[in-house]
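> Mind folding the following:
(one chain, ligands or ions: 1)
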Amino acid sequence: MPTPTARIRGTERSSIRVMFDLAERLDRDLVRLEVGEPDFDTPDHVIDAAAEAAHGGATHYTSNAGIPDLRRAISDTLSDRFGVEHPPEEVVVTVGGMEALLLTTLATVSADEELLVPGPTWPNYETQATLADAEFHEVPMPAETGFDLDADRVIDAMSDDTAAVVLTTPSNPTGRVFDRDACRAVVEAAADHDAYVIADEVYLALTYEGPNEGIASYTGQPDHVVTIGSCSKTYAMTGWRLGWLAADGHLVDEIVPARESTTACASSVAQHAALAALTGPQEPFNEMCRAFEDRRDLVVDRVAGIDGLSCPRPEGAFYAFLDPGIDDDALSIAKYLAREHGVVLAPGDGFGDTAPGRLRLSFANSAERLHEGFDRIEAGLAGY
Ligand SMILES: Cc1ncc(COP(=O)(O)O)c(C=O)c1O
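Numbering: from 1, shown residues only. Alright, predicted model coming up:
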């Protein structure tokens, strides 16, 4: 039999997926706190707009870069809410932030060049580097500062092979909002190396310590930043698969024609849904964000009340990166908590090599279920 290519075979099954599959098999009441998506439904006005668009004939291919109204709405949102300036022609609508990240990696990192990412990190960047035949380099951030971005560590790790650095802020898995000066320093160093910073800002609207601005808004080198966004987390629209990238025109001009041969365009109906989400009433989304903030406070309180347990204070997104204070591997602890105590968490080793003994908890769940989950974690850790 012909052998599948090394780039596909190199794709590892993450321990997060192992936990997901285990949870599906377990025949007991589970509190599922491993899932990285909002527990809210897409608001009605978004669904109605999509249905209306479909009935009105918006069921065909769109231009590769997306429908003009949506590109303009994304451009306006980036400017009005996050201070990031790109005209609509520099925005590409994609199939989720995921496709935006893959296209950007393919466009900025050549085979055998390096994609550099501060750890702990969302695992998909490594897979995408593998698909691009590129090298992946995780640079550990210090646990003492709650894994905040340490610019010196990143800059020291850069070399002439570094083609792009990913900065994920707010972070998945830690919920940290990276220090602005540190982000600025990394962009400047990237520019010195003729490299890009890929600003993965899919959680940018979900911050709890005041409004946040995109990295491209406060650096002197915005041409070296590719901004990635998505409707998934902000608008409870994970299943619509709608995201975007915004970048300097000369990069976008190369990405758009290449994109004809990947997905061609994002779903036409989903693009109309996204347009309604961005330009319609914002109250449902603001309400969701307030609910996440309340849950963040709940999580911080409960963690503080459990002996030996700690986590960096989540400043954004909906994750807490728990340190159970136990000297064992995270997958074993996670399996034990699921099987014996019915609470499912994502093992920290699924987020790179930086913090293997941690567990990621998603607080995209009701306050009642979160309390139940913490009761189970408390009982479980006491008996480990
Ligand atoms: C850090 C980060 N970036 C990007 C994505 C991609 O999300 P989507 O493709 O749903 O927009 C996710 C999803 O979990 C994420 O956590």
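
> CA atoms for contacts and neighbours, from now on please.
Fine.

> distance between the worst-scoring helix or strand of the chain on mean pLDDT and the chain's centre?
Taking mean pLDDT, DSSP states H and E as the measure, the chain has helix 6-9 as its least confident helix or strand, at a mean of 84. Relative to its chain's centre, helix 6-9 lies at 23 Å (C-alpha atoms, centre = their mean, to the nearest Å).

> now stretch 249-262
Its chain's C-alpha centre and that of stretch 249-262 lie 23 Å apart, by C-alpha atoms, centre = their mean.

> hey, C-alpha coordinates of the least confident helix or strand of the chain in PDB?
Taking Å, rounded to 0.1, in the frame of the first residue of the first chain, the C-alpha atoms of helix 6-9 are listed here in PDB:
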ATOM      1  CA  ALA A   6       5.100  12.300   6.600                       C
ATOM      2  CA  ARG A   7       3.300  15.600   7.100                       C
ATOM      3  CA  ILE A   8       0.000  13.900   7.700                       C
ATOM      4  CA  ARG A   9       1.500  11.000   9.700                       C
END
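
> Next, the contact list for the residue of the stretch 251-384 of the chain found nearest the ligand, please.
Residue of the stretch 251-384 of the chain nearest the ligand, by C-alpha to the nearest ligand atom: A317 (8.8 Å). Contact partners of A317, counting by C-alpha atoms under 8 Å, 6 or more residues apart in numbering, are 170-172, 175, 203-204, 206-207.

> which other residues reach the least confident helix or strand of the chain?
Under C-alpha under 8 Å, 6+ apart, the answer for helix 6-9 is 130-133.

> picking that back up, got phi/psi on the residue of the stretch 251-384 of the chain closest to the ligand?
Per-residue torsions, A317: phi 60, psi -160 (degrees, to the nearest 10).

> Any figure for the gap between it and L361?
A317 sits 11 Å away from L361, going by C-alpha to C-alpha, to the nearest Å.

> same deal with A157?
Distance of A157 to L361, given as C-alpha to C-alpha: 30 Å.

> more neighbours, those two?
L361 (26 against 15; other C-alpha atoms under 10 Å).

> ok, the more buried one - contacts?
By C-alpha under 8 Å, 6+ apart, L361 lies in contact with 33-34, 319-322, 345-346.

> Could you do S15 as well?
Counted by C-alpha under 8 Å, 6+ apart, S15 has contacts 331, 346-347, 349-350.

> and if you look at L278?
73-74, 77.

> restrict the contacts of A317 to contacts with the ligand.
N172 (C-alpha under 6 Å from any ligand atom).

> how about JSON lines for the contacts of A317, with secondary structure, pLDDT and neighbour count added?
Converted to JSON lines, the contacts of A317 look like this (DSSP: H, G, I helix; E, B strand; the rest coil; pLDDT from 0 to 100; neighbours: other C-alpha atoms under 10 Å):
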{"residue": "P170", "secondary structure": "coil", "pLDDT": "97", "neighbour count": "26"}
{"residue": "S171", "secondary structure": "coil", "pLDDT": "97", "neighbour count": "29"}
{"residue": "N172", "secondary structure": "coil", "pLDDT": "96", "neighbour count": "25"}
{"residue": "G175", "secondary structure": "coil", "pLDDT": "97", "neighbour count": "29"}
{"residue": "Y203", "secondary structure": "coil", "pLDDT": "97", "neighbour count": "24"}
{"residue": "L204", "secondary structure": "coil", "pLDDT": "96", "neighbour count": "25"}
{"residue": "L206", "secondary structure": "coil", "pLDDT": "96", "neighbour count": "26"}
{"residue": "T207", "secondary structure": "strand", "pLDDT": "96", "neighbour count": "23"}
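
> Any chance of the contacts of A317 in CSV with distance to L22 as columns?
Below are the contacts of A317 laid out as CSV (distance: C-alpha to C-alpha, whole Å):
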residue, distance to L22
P170, 28
S171, 26
N172, 22
G175, 25
Y203, 28
L204, 31
L206, 30
T207, 32
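
> and of the contacts of A317, the nearest to A379?
Of all those, A379 sits closest to G175, with 25.0 Å by C-alpha to C-alpha.

> The closest one against F318, yeah?
Yes: between G175 and F318 there is a contact under C-alpha atoms under 8 Å: 6.7 Å.
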